[in-house]
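In: need coordinates for the below:
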Amino acid sequence: MAEAYGVTRERHPSGRPWIGLCMVTSIDGSTVVNGNSESLSGPADRDVLVGLRQLSDVIVVGASTVRQEGYGPPSKPGLTVGVVTRSGNLDLESALFRGGAGFLILPENVAIANTSVRCVRAGQGSVDLPAAMKQLGGTFLQLEGGPMLNAAMFAADLVDEINITISPVIVGGSGPRLTESAPDLHRRYEIAHVIQDGDFLFVRYLRRTQ
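Out: Residues are numbered from 1 along each chain as shown. Here you go, the predicted structure:
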């Protein structure tokens, strides 16, 4: 696993970090069971998530996912978590923000009460994601959902690699899939590797450049 995922990455030619999406889904594409991803995951999937975080310089995640999954400070020293939000309506006294690991990615016109929290601002009314990503340092950025943020990132053509764990379950229902409310897209990716661990599949895709 470490060999497959621990490849050299470089900043994107546009000046932003290289962006990799990391998610777990059911066979039928659901990203949650009863509101979070815990029931879809397993030990190997958690190892992949932690291993990719060790390679990352920053994590970017949507505000709803932070609330649903109970995000706290990462175990890797110095790794920061950028939370994308249109409103700034988060618990800025939580452990994620209190220790300085969490920061906000939000529109320029949104005010927040806690002025000690670092903010990356881009856009009016909603976040200008391409502009925001260019403000982030480091080489490798890990995108961790949720589906609405994924959709916006794909729509802006900002996802360079996709690291998907396919969990051996069917969820059904009408819960969120990998992208939610995305416009019509035709983004082509190529398989870099497929790994089997028990009944789980681990697939890494790279953005096709031509």
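
In: which SS state does residue 138 fall under?
Out: coil (DSSP: H, G, I helix; E, B strand; the rest coil).

In: for residue 82, that is, sorry about that
Out: When the structure is split into helix, strand and coil by three-state DSSP, residue 82 lands in strand.

In: if I look at it, how far off is residue 58?
Out: If you measure residue 82 against residue 58 using CB to CB, to the nearest Å, the figure is 6 Å. Just so you know, the C-beta spots here come from the backbone N, C-alpha and C atoms, and that holds for glycine as well.

In: can you list residues touching both of these two?
Out: Residues within reach of residue 82 and of residue 58 at once, by CB atoms under 8 Å, 6 or more residues apart in numbering, are residue 136.

In: for residue 133, give me its contacts.
Out: Taking CB under 8 Å, 6+ apart as the criterion, residue 133 is in contact with 16, 17, 19, 60, 141, 158.

In: before we move on, which element is residue 61 in?
Out: Under the criterion DSSP states H and E, the helix or strand holding residue 61 is strand 58-62.

In: what lies in contact with the following helix or strand past that strand?
Out: Moving toward the C-terminus from strand 58-62, the next helix or strand (DSSP H and E) is helix 63-69. The set of residues that contact helix 63-69 without belonging to it, under CB under 8 Å, 6+ apart, is 32, 35-37, 71, 81, 83-85, 87, 89-90, 96, 144-146, 148-149.

In: drop anything exposed from those.
Out: 32, 37, 71, 81, 83-85, 90, 96, 144-146, 148-149 (16 or more other CB atoms under 10 Å).

In: please identify which of these is nearest to residue 131.
Out: Comparing the buried ones among the contacts of helix 63-69 against residue 131 with CB to CB places residue 84 closest, at 12.6 Å.

In: just to revisit the earlier point, rebuild the contacts of residue 133 as a markdown table, extending it with pLDDT and distance to residue 175.
Out: Shown next, in a markdown table, are the contacts of residue 133 (pLDDT from 0 to 100; distance: CB to CB, whole Å):
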| residue | pLDDT | distance to residue 175 |
| --- | --- | --- |
| 16 | 97 | 31 |
| 17 | 97 | 30 |
| 19 | 98 | 25 |
| 60 | 98 | 22 |
| 141 | 98 | 26 |
| 158 | 97 | 24 |
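
In: and residue 23, helix, strand or coil?
Out: Per three-state DSSP, the local secondary structure of residue 23 is strand.

In: nope, residue 49 is what I was after
Out: In the three-state summary, residue 49 is assigned as helix, counting by three-state DSSP.
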